[in-house]
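Novice: When you get a sec, could you give me coordinates for this:
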Amino acid sequence: VQLVESGGGLVQVGDSLRLSCAPSGLPFSLYAMGWFRQAPGKEREFVTAINWSGSMAFYEDSVKGRFTITRDNSKNTLSLEMNSLKPDDTAVYYCAAAYDQRPHPPRGANAYEYWGQGTQVTVSS
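Specialist: As a prediction, the model looks like this:
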């Protein structure tokens, strides 16, 4: 199983970025997917998650209204659209997969079996 993130980079405050995750080696449509992030000196934190079908998503409060998670089960892709970026969004962003077909996607990192290598997002002021 591999989860490969892409799309990170250095941007200015207020800019947008789109992260992508390309899972392989697993039945994508049976997995809930999540994005987590880890800033320097901080613990990894939940950002957003989407259920197996794409019908329900949860967001951490600080990104609500700015970030949007989507998935395309026909193409085995997961995306995270990030708008109005702030310096506090600076972190390594990880996509993760959880074998879970319940309506609500899990928020806890322990629920996710597979992780990508991470992609750096830096928001400069």
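
Novice: excluding its backbone neighbours, what's nearest the residue nearest the centre of the chain?
Specialist: Taking C-alpha atoms, centre = their mean as the criterion, Trp35 is the residue nearest the geometric centre of the chain, at 2.3 Å. Excluding its sequence neighbours, the residue lying closest to Trp35 (C-beta to C-beta, 6 or more residues apart in numbering) is Val47, at 4.4 Å. Bear in mind the C-beta positions are built from the backbone N, C-alpha and C, glycine included.

Novice: Is the one you found in a helix, a strand, or coil?
Specialist: Following DSSP: H, G, I helix; E, B strand; the rest coil, Val47 is assigned to strand.

Novice: Kindly provide the distance from Arg102 to Gly34.
Specialist: As for Arg102, its distance to Gly34 is 14 Å (criterion: C-beta to C-beta, to the nearest Å).

Novice: between those two, which one's more packed in?
Specialist: Each of Arg102 and Gly34 has its neighbours counted (other C-beta atoms under 10 Å); Gly34 has more, 29 against 11.

Novice: okay, now the residue lying closest to the more buried one once chain neighbours are set aside: neighbour count?
Specialist: Residue nearest to Gly34 in three dimensions, not counting chain neighbours: Ala49, with 3.8 Å by C-beta to C-beta, 6+ apart. When neighbours are counted by other C-beta under 10 Å, Ala49 registers 26.

Novice: Low-confidence regions, this structure specifically.
Specialist: Within the chain, not a single segment meets pLDDT under 70.

Novice: can you give me the strands in it?
Specialist: 2-6, 9-12, 17-24, 31-38, 45-50, 57-59, 67-72, 77-82, 91-99, 114-115, 119-124 (DSSP state E).

Novice: what pairs with the fifth one, and is each one parallel or antiparallel?
Specialist: For strand 45-50, sheet partners with direction are given as strand 31-38 (antiparallel), strand 57-59 (antiparallel), following DSSP bridges.

Novice: residues in contact with the first one?
Specialist: Contact with strand 31-38 is made by 19, 21, 23, 44-52, 69, 71, 78, 80, 89, 91-102, 105-107, 109, 111-112, 118, 121, as judged by C-beta atoms under 8 Å, 6 or more residues apart in numbering.
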